[in-house]
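A.B. asks: everything below, folded, please.
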Amino acid sequence: MTFDLTPDQQALVDRVRAAVAAGPTLKSLQALLQREAVPATLVVEEVSVADASLGAQLGFSALAGGTPASLLALPGLLGSEAALAAVGHEHPVRARLVAAAVALGVGRAAIAHSIAAMKAAGVRPGPEERAPHWVIADGATEVEAARMLTYRAAQALDNLEAVAGDLAARAKEFAANAAEHAVAAAIRIEGPGGYVRDGLLERLTRDARTLTVILA
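C.D. replies: Predicted structure coming up:
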């Protein structure tokens, strides 16, 4: 089985990226969200690369039939565990897919940030101990594996396969752990200077840790 995007799926991803670049709102993104699990997962993942909180709002509000109020004012996911758990109780399979998609976005954001930091610092392949680039390679591999498992779970849900629930649970757990590992690798690359209050890596750390404990 391949997970290459179809032309329609790639066009959807391109539209989401354009919307995010233009300064997204929940309403504008909701217009791009589709009922089918695979395209919905793609949309939530792409939004979450830029903002995990917004990605979670988008995905979970669609399941709840509105927007959980406790998600609206958060700079990240920390503190939203109760609201997400409530939605997950009503829609366990789809909720876990949303959480997995958000985790993929967090992991991708951490990896992209690290690569940019290494390029800016002139880090090159080799036995560099100060900025060990191989930890990012490991993190990127883990996130990519999580993507394949998440897309497989979404396909199973769309195809009404009996294994969809089990796959979604595995995808959520694996993607959340992959995101946490990717963020930890990013901090190792940048060092303490990259982990500043209200900085990107601090927010990604909080988001990744929240994703590992919700919908367990």
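A.B. asks: quick check: T141 vs L29, distance?
C.D. replies: Look at T141 and L29: by CB to CB, to the nearest Å, they are 29 Å apart. (Glycine included, C-beta is placed from N, CA and C.)
A.B. asks: compare those two and say which is more crowded by neighbours.
C.D. replies: L29 (21 against 11; other CB atoms under 10 Å).
A.B. asks: number of residues surrounding E142?
C.D. replies: Using other CB under 10 Å, E142 has 21 other residues around it.
A.B. asks: pLDDT weak spots in this structure?
C.D. replies: Applying pLDDT under 70 to the chain flags the ranges 1-3, 64-90, 123-133, 192-198, 216.
A.B. asks: which stretches in it count as helices?
C.D. replies: 7-21, 26-30, 37-50, 52-64, 69-72, 81-90, 92-121, 134-158, 164-190, 200-213 (DSSP state H).
A.B. asks: in the last one, what's buried?
C.D. replies: By that I understand helix 200-213. Across helix 200-213, burial judged by 16 or more other CB atoms under 10 Å covers 200-212.
A.B. asks: could you measure A185 against A121, distance?
C.D. replies: Following CB to CB, the distance that separates A185 from A121 is 15 Å.
A.B. asks: neighbour-wise, which of those two wins?
C.D. replies: A185 (24 against 13).
A.B. asks: and the closest residue to A99 other than its chain neighbours, what is it in contact with?
C.D. replies: For A99, ignoring the flanking residues on the chain, the nearest one in space by CB to CB, 6 or more residues apart in numbering is K172 at 4.9 Å. Neighbouring residues of K172 by CB atoms under 8 Å, 6 or more residues apart in numbering: R96, L97, A99, A100, A103, L211, L215.
A.B. asks: for those, which one is nearest L33?
C.D. replies: Nearest to L33, judged by CB to CB, of the contacts of K172 is L97 at 12.7 Å.
A.B. asks: got a list of what the residue lying closest to that closest one once chain neighbours are set aside touches?
C.D. replies: Setting aside the residues directly before and after it, L97 is nearest to A168 in space (CB to CB, 6+ apart), at 5.2 Å. By CB under 8 Å, 6+ apart, the residues touching A168 are P92, V93, R94, R96, L97, A100, A153, A156, L157.
A.B. asks: any idea how far V20 lies from A50?
C.D. replies: Going from V20 to A50 by CB to CB gives 5 Å.
A.B. asks: and for N159?
C.D. replies: 30 Å.
A.B. asks: same check, this time on I111
C.D. replies: As judged by CB to CB, I111 and A50 stand 14 Å apart.
A.B. asks: wait, doesn't I136 sit right on H113?
C.D. replies: No - using CB atoms under 8 Å, I136 is not in contact with H113, being 9.9 Å away.
A.B. asks: in stretch 22-34, what's buried?
C.D. replies: Buried residues in stretch 22-34, counted by 16+ other CB under 10 Å: P24, L29, L32, L33.
A.B. asks: which one of those is nearest T6?
C.D. replies: Closest to T6 out of the buried residues of stretch 22-34 is L32 (16.1 Å), distances taken as CB to CB.
A.B. asks: that closest one reaches R17, doesn't it?
C.D. replies: No - at 10.6 Å, L32 and R17 do not qualify as touching, with contact defined as CB under 8 Å.
A.B. asks: and the residue nearest to G59 when sequence neighbours are not counted, how many neighbours?
C.D. replies: Among residues not flanking G59 along the chain, V98 sits closest, at 3.4 Å (CB to CB, 6+ apart). Applying other CB under 10 Å, we find 31 other residues in the vicinity of V98.
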